Every structure is written in C-alpha cells, then in structure tokens.
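Novice: any chance you can model this:
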Amino acid sequence: PGAQGYGHVGGFGKSASCCGATPIWDSFWFVLPWESYMRFGDRRSLEAAYPMMKKYLREWIPRWVDKDGDDSPYTLQAGLGDWDPPKGKEGTGPTAVSIPASVYSATTAYYAYLTKIAADTARALDKNEDAKAFDADFANICEAYNAKWWDAKLGYYHESADATLYQEQQVVPLAFGLVPAPERAGLERKLIADILDTRAGHEEVGIVGARWILPVLSKAAEQ
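Specialist: Next up is the predicted model:
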C-alpha cells in the first residue's frame, strides 16, 4: 500500500497525520471484492483477495498502532482523513465555516470498516475462527473509538477542542455501525438538524463524508 510515499514507513511527510497507515485510501482491495460478492454471489474474488486482507490487518496496521503516539492499540493517529472539506470562512451565513479535515477518527473508523469486511469475508469462505477473531477486533476498535471521540454530554462525536458538531464525524460512525444502539436515533436527529437548520440545507463534508452521508440519511429516514 502507499503510492508516492503515502502509507510507507518513513515515507512522505513528517507529521503524524501524513501519512502512516492510510486505510481509507487502501480500502479498495477490501471493498471491491466484497461488493462484487454481495452483488453476484461469486466467491472467487473473495478467495483471491482474502489473504491480502488478512495480511494488511495482521501485519501492516500493527506497524502503526503502537507507533503513532496515542494510548490505544485500536485507534490510529496517522493517515489521510476526510480530505478537502469546505473552507468557507470568508463567506457569510450558515455555510461560512471552515471545516477541519477529520483525520484520526475517520482513519480509525475505516480500520473498523475493513475489519468488519474481513470478518464477513472469512465467514463467506467458511473460515470461522478467523471470522471470530476479526469480530473481536471490530468490537475492540468500536469500544476504543467511542472512548476517544464520543461526547456523552453533547450526544455526538468530535475530535476538536471546540467540540463543534461536524457532519462527517457523525456520518462515518453511523455508516459503519460504531454508534451504541441507544445513541443512534439521537445522533441521527442531531445530524439532520445540523444539515437542515444550522447549515441551511447544506452538507459540509469532505471526500469521506460525501461517500456516506446520503446512505446514512436514507437509513435515518427509514427509522
């Protein structure tokens, strides 16, 4: 993984945020085989990709979780996150806000997402012990994610000191099943209110949030 230094040990950039582990940008080899299988029921793509999925999660990600300066083996302080969100501070009105790129929470959420795909792939290939191990990893990532970024008093996720509700930071955990069940409906309501009221009907997300915001809103509308 990693083009032009992105994702390479000692590669491009010096800061913790660029680049280290980049699961969002490496997700294609998990997502494409899994989505193909879900649509066509053909296990061959899973059989070809599964060894790489397992190696990525068992050998590549561990290079980063204990070297990124945080206190958890299940969260990542490295990677490229919700790239290129709106920078609207020079404007006026409800969209005149500069959205910070969510890096650490988005990267960790994708770590959970890829782990879930690996677990489901293992089940589809009758590798039940592997599936159980990846299920346990998903649960641990979920617990660590909520411990680090869920604000129980405010009822939403944030990773910035100002505790502003940013849409992508709610969308991705909703999309990947990271939100505790009792909190899901309340978080959906806060997200919808932010879009319709606070931001006057606008989505204010980067590339990661743009991928997931409409499916999350559609699911919320079905509840």
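Novice: please count neighbours and contacts with C-alpha atoms only from this point.
Specialist: Will do.
Novice: what about the residue lying farthest from the centre of the chain, distance to Ser98?
Specialist: Centroid-distance maximum for the chain: Thr92 at 30.5 Å, with CA atoms, centre = their mean. Computed as CA to CA, to the nearest Å, the Thr92 to Ser98 distance reads 12 Å.
Novice: check Lys87 too.
Specialist: According to CA to CA, Lys87 and Ser98 sit 4 Å apart.
Novice: with Leu46 instead?
Specialist: Relative to Ser98, Leu46 is positioned 41 Å away (CA to CA).
Novice: kindly report the same for Tyr74.
Specialist: Counting by CA to CA, the gap from Tyr74 to Ser98 is 29 Å.
Novice: flag the shaky bits of the chain, pLDDT-wise.
Specialist: Within the chain, the stretches with pLDDT under 70 are 1-19, 66-70, 90.
Novice: show me the contacts for the residue nearest the centre of the chain.
Specialist: What sits nearest the mean C-alpha location of the chain, by CA atoms, centre = their mean, is Ala109, with 2.8 Å. Contacts for Ala109 were tallied using CA atoms under 8 Å, 6 or more residues apart in numbering; they are 145, 172-173, 176, 178.
Novice: Tyr74 and Ser98: who's more crowded?
Specialist: Under the neighbour definition other CA atoms under 10 Å, Tyr74 and Ser98 were set side by side, and Tyr74 has more, 22 against 14.
Novice: name the nearest residue to that one, ignoring sequence neighbours.
Specialist: Nearest residue to Tyr74, sequence neighbours excluded (CA to CA, 6 or more residues apart in numbering): Ile141, at 4.9 Å.
Novice: and the strand or helix carrying that neighbour, what does it pack onto?
Specialist: For Ile141, the host element (DSSP states H and E) is helix 128-149. Contacts defined by 3 or more CA pairs under 8 Å, 6 or more residues apart in numbering; DSSP states H and E place helix 128-149 against helix 104-124.
Novice: pull the helix it packs on out as PDB, backbone CA atoms only.
Specialist: Taking Å, rounded to 0.1, in the frame of the first residue of the first chain, the C-alpha atoms of helix 104-124 are listed here in PDB:
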ATOM      1  CA  TYR A 104      -7.700  10.400  13.200                       C
ATOM      2  CA  SER A 105     -11.400   9.500  13.800                       C
ATOM      3  CA  ALA A 106     -12.000   8.900  10.100                       C
ATOM      4  CA  THR A 107      -8.900   6.700   9.800                       C
ATOM      5  CA  THR A 108      -9.900   4.700  12.800                       C
ATOM      6  CA  ALA A 109     -13.400   4.300  11.500                       C
ATOM      7  CA  TYR A 110     -12.100   2.800   8.300                       C
ATOM      8  CA  TYR A 111      -9.900   0.500  10.200                       C
ATOM      9  CA  ALA A 112     -13.100  -0.800  11.900                       C
ATOM     10  CA  TYR A 113     -14.900  -1.000   8.500                       C
ATOM     11  CA  LEU A 114     -12.100  -3.000   6.900                       C
ATOM     12  CA  THR A 115     -12.000  -5.300   9.900                       C
ATOM     13  CA  LYS A 116     -15.800  -5.900   9.500                       C
ATOM     14  CA  ILE A 117     -15.400  -6.700   5.800                       C
ATOM     15  CA  ALA A 118     -12.600  -9.200   6.700                       C
ATOM     16  CA  ALA A 119     -14.800 -10.900   9.300                       C
ATOM     17  CA  ASP A 120     -17.700 -11.200   6.800                       C
ATOM     18  CA  THR A 121     -15.300 -12.400   4.100                       C
ATOM     19  CA  ALA A 122     -13.900 -15.100   6.400                       C
ATOM     20  CA  ARG A 123     -17.500 -16.200   7.200                       C
ATOM     21  CA  ALA A 124     -18.300 -16.400   3.500                       C
END
